[in-house]
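Student: this one's structure only:
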């Protein structure tokens, strides 16, 4: 059957995953023969761990530091830990671990429509305009963009 894809992440790292609807969860992107990322993310190889990571953006730019990524058409600025496109500078994204099986999470937080976030997160609007799942720290939203 169809399983729901949830990107589970350590709250202390402040990862900001993209929110997925149940329809979107049906697809995955193969990074290699044994590893995949959820649909609408980008596989990026993380040199430090020698493992694949999932950038929470489609067609993202994988940064050379091996842990971060930027939206399409942005460039990674490793000195300022940010993404740059012309005059626009935004914080870069932290990659999430890739997985070989996607499991349903019965403790997920229900958002509007068919969207869901992992437990201990909340729905929030990302600076890209898309909805995402933001970590909660002591019941309050905690955003850590690595700046």
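Tutor: Structure received. From a predicted model like this one, the values you see are computed outputs, not experimental measurements.
Student: could you list every residue that touches residue 27?
Tutor: Going by Cβ atoms under 8 Å, 6 or more residues apart in numbering, residue 27 touches 38, 39. For the C-beta atoms, the positions are set from N, CA and C on the backbone; glycine is no exception.
Student: cutoff 7 Å now
Tutor: residue 39 (Cβ atoms under 7 Å, 6 or more residues apart in numbering).
Student: So it versus residue 80, what's the distance?
Tutor: Relative to residue 80, residue 27 is positioned 34 Å away (Cβ to Cβ, to the nearest Å).
Student: Any buried residues in stretch 52-66, and which?
Tutor: The neighbour-count check on stretch 52-66 (16 or more other Cβ atoms under 10 Å) flags 52, 53, 54, 55, 56, 57, 60, 61, 62, 63 as buried.
Student: Take those residues and write them to TSV, including pLDDT and distance to residue 73.
Tutor: Below are the buried residues of stretch 52-66 laid out as TSV (pLDDT from 0 to 100; distance: Cβ to Cβ, whole Å):
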residue	pLDDT	distance to residue 73
52	88	23
53	87	20
54	88	20
55	90	14
56	87	17
57	88	11
60	93	10
61	94	8
62	93	14
63	92	14
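Student: quick one: which of the residues you listed sit in strands?
Tutor: 52, 53, 54, 55, 61, 62 (DSSP state E).
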